[in-house]
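> What shape does this take:
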Amino acid sequence: MDSEKRVAVCVECGKEFEITEGWLKMVEEKPGFQLPKRCAACRLAKKRRNENNLGGSTRKPPKNRFPKSVEKEDDDFKFD
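This is a model prediction of the structure:
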């Protein structure tokens, strides 16, 4: 089983980590499943950032696309 052990380098911290047999098995069995790019500590940190909606993004919330005059409801229009 030692021949199946793989080592990868984390894209965030640069440390080497071992890819377990479980990951290798999932990659083989599930189409589209990829090997991890991050070590366990960095995956957990990223998950926490995303859960808190702090994912490092500086995006502002979307602005209202329509002028207020378009948003007003037309009370004169009625369905028959």
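
> buried ones in the helix ranked longest in the chain?
Criterion DSSP state H: the longest helix present in the chain is helix 40-51. Neighbour counts over helix 40-51 (16 or more other Cβ atoms under 10 Å) mark residue 42 as buried. Every residue, glycine included, has its C-beta placed from N, CA and C.

> Ok, stretch 7-14 next?
Those would be 8, 10, for stretch 7-14 by 16+ other Cβ under 10 Å.

> how would you label residue 12: helix, strand or coil?
With DSSP: H, G, I helix; E, B strand; the rest coil as the basis, residue 12 sits in coil.

> tell me, how many neighbours does residue 29 end up with?
For residue 29, the count of nearby residues is 8 (other Cβ atoms under 10 Å).

> Distance check, it against residue 39.
23 Å (Cβ to Cβ, to the nearest Å).

> what's the answer for residue 28, then?
Distance check for residue 28 against residue 39: by Cβ to Cβ, it reads 22 Å.

> Low-confidence stretches in this protein?
Along the chain, segments meeting pLDDT under 70 span 1-4, 53-80.

> which of residue 28 and residue 39 has more neighbours?
residue 39 (20 against 9).

> Contacts only, for that one.
Applying Cβ atoms under 8 Å, 6 or more residues apart in numbering, we find residue 39 in contact with 10, 12-13, 15, 17.

> cutoff 10 Å now
Applying Cβ atoms under 10 Å, 6 or more residues apart in numbering, we find residue 39 in contact with 8-18, 45.

> now do residue 42
Contacts of residue 42 (Cβ under 10 Å, 6+ apart): 10-15, 17, 36.

> ranges for the strands of the protein?
6-9, 16-19 (DSSP state E).
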